[in-house]
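Q: Here is the input, now give the coordinates:
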Amino acid sequence: MSAPYVAEPVEAILQDVQQHIIPGITHWQSPNYFAYFPSSGSIAGFLGEVLSTGFNVVGFNWISSPATTELESIVMDWLGQMLEHPQSFLFSGDGGGVILGTTCEAMLCTLTAARDQMLIKIGRENIGKLVVYGSDQTHSALAKAAKIAGLNPKNFRAIKTTKSTSFGLSPESLQSAISLDGKAELIPLYLCATIGTTSTAAVDPLGPLCDVAKKYGMWVHVDAAYAGSACICPEFRHFISGVEGANSFSLNAHKWFFTTLDCYCVWVKDPSTLIKSLSTNPEYLLNKASDSKQVVDYKDWQITLSRRFRAMKLWLVLRSYGVANLRNFLRSHVKMVKLFEELVASDNRFEVVVPRYFAMVCFRVLPSALRKIQNKYYDKNDVDQTYANEFNRKSLESMNASGRIYMTHAQVDGIYMIRFAIGATLTEDKHVIMAWKVVQETVDTMLNTE
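A: Numbers count the residues shown, from 1 in each chain. Here you go, the predicted model:
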């Protein structure tokens, strides 16, 4: 099969979209989508995307499209103020923000800046001594970024977390890891603290971790990709208390902020660290505006040269909703997930495995509910964890196979759990109640047929 040689009518193309494409995609905007983390959209975000695509500007520096750069600087300060970031993270202070594509880009850019800043002090020949720290719950993008940045893979620390800290990274564990590395004459470089981990939405204690890192001159990056959006609500702001001790902070507006993919917001205290590491200035890009140092050239804040007009859609979302409505929307999702959490707690066959902080519940069928089934096959008084994990895995597969809902899983500390994450713009209470009905019906059937 090859591309058509002769033009086809758009009606025929759209008919193929209807018949062949739509049935083959996962509908992330469905109100019955509860998997991974949300990729929430909105009419405002959609309209902003249409305008951005229509303008089709390539805003690599200020002079290539001044309004593109200036609108991005404005909305990043707006959002930073909504999060109550210190002035040091805003353009109105000494910092600033940039919109990138993904978490991976943010980690790579900030890690590269941290690396070069440290190597200036200790010499480039010592790059093999640099150590990167996260927890065993930190997003895998950190390990990838460290590899791309040329750091020794053996110097990546995924520090173990435990249920006693709700799988957050403890400052004591970080201190112990740094002390061990110090004895080996290694140099602590970078810490990634997470607000809302991928597996369970766990929260690392930001303030105490920054206190440890400060003793060693480490760069602290805060990955609030998922949960950062919620922190515009005063009742959730405490989760990022201590952010003033960090060097960079990021959240994903295309996850839980009604802005279509891609729109990843990053703030840095000292933009010059990014610029020194990431800038290139070939003759064909030289201009008086850049030479004046009075404008922002976002090409020097990212990996790529070309960049999209992402600020347009975030601007439309912020203006179309307003802070009050955005907060209410986020709160409505949290309220709905509380409803689901209550439904889980009302059935003694299930448990909520880890504390719920935001709009995701991690739950499973309890081993005790499976005792009768397993004892049919094994002469055991206690249900084996492996058997419980397998039962929950099969139940999730069955729920998803029904086509009525979609959820995903996590496995932490040896426990397989089902993740129920709310964030789709169209989800209402009735969808949550229906989802719980699917869960119960599936487990009822499996318990009666095993």
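
Q: Now do the helix or strand hosting Asp444, average pLDDT.
A: In the assignment (DSSP states H and E), Asp444 maps to helix 429-449. The average pLDDT for helix 429-449 rounds to 95.

Q: how about Lys147, what does it touch?
A: Pro153 (CB atoms under 8 Å, 6 or more residues apart in numbering). The way it works is simple: take the backbone N, C-alpha and C, and place the C-beta from them, glycine included.

Q: buried stuff in the helix or strand hosting it?
A: Taking DSSP H and E as the definition, one finds Lys147 inside helix 141-148. Residues of helix 141-148 classed as buried by neighbour count (16 or more other CB atoms under 10 Å): Ala141, Leu142, Ala143, Ala145, Ala146.

Q: ok so, going back, which helices and strands does the helix holding Asp444 pack with?
A: helix 311-345, helix 385-401 (3 or more CB pairs under 8 Å, 6 or more residues apart in numbering; DSSP states H and E).

Q: Would you mind writing the CA trace of that helix as CSV?
A: The C-alpha coordinates for helix 429-449 follow below in CSV (Å, rounded to 0.1, in the frame of the first residue of the first chain):
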residue,chain,number,x,y,z
ASP,A,429,-21.1,11.4,39.6
LYS,A,430,-23.2,9.0,37.5
HIS,A,431,-20.1,7.8,35.7
VAL,A,432,-18.3,7.1,39.0
ILE,A,433,-21.3,5.1,40.3
MET,A,434,-21.4,3.2,37.1
ALA,A,435,-17.7,2.4,37.3
TRP,A,436,-18.1,1.0,40.9
LYS,A,437,-21.0,-1.1,39.6
VAL,A,438,-18.7,-2.6,36.9
VAL,A,439,-16.0,-3.3,39.6
GLN,A,440,-18.5,-5.0,41.9
GLU,A,441,-20.1,-7.0,39.1
THR,A,442,-16.8,-8.2,37.8
VAL,A,443,-15.5,-9.3,41.2
ASP,A,444,-18.9,-11.0,42.0
THR,A,445,-18.6,-13.0,38.8
MET,A,446,-15.0,-14.0,39.4
LEU,A,447,-15.6,-15.0,43.0
ASN,A,448,-18.5,-17.2,42.0
THR,A,449,-16.7,-18.9,39.1
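
Q: Tell me who's in contact with Val131.
A: Shown in contact with Val131 (CB under 8 Å, 6+ apart): Asn155, Phe156, Arg157, Ile178, Asp181, Leu186, Ile187, Pro188, Leu189.

Q: Now the spatially most central residue of the chain. Nearest residue, chain neighbours left out?
A: Closest to where the C-alpha atoms of the chain average out (CA atoms, centre = their mean) is Ala225, at 2.9 Å. Counting by CB to CB, 6 or more residues apart in numbering, Ala225 lies nearest to Asn252, which is 4.1 Å off, once chain neighbours are set aside.

Q: circling back to that earlier point, closest to Val6 among the contacts of Val131?
A: Using CB to CB, Phe156 is the member of the contacts of Val131 that sits closest to Val6, with 53.4 Å.

Q: Quick check: the closest one vs Ser135, distance?
A: 12 Å (CB to CB, to the nearest Å).

Q: These two: which is more packed in?
A: Each of Phe156 and Ser135 has its neighbours counted (other CB atoms under 10 Å); Ser135 has more, 26 against 17.

Q: and the nearest residue to the more buried one once chain neighbours are set aside, what does it touch?
A: With sequence-adjacent residues excluded and distances taken as CB to CB, 6+ apart, Ser135 is closest to Leu169, at 4.0 Å. Going by CB under 8 Å, 6+ apart, Leu169 touches Gly134, Ser135, Gln137, Thr138, Ile159, Thr161, Ala193, Thr194, Asp204, Pro205, Leu209.
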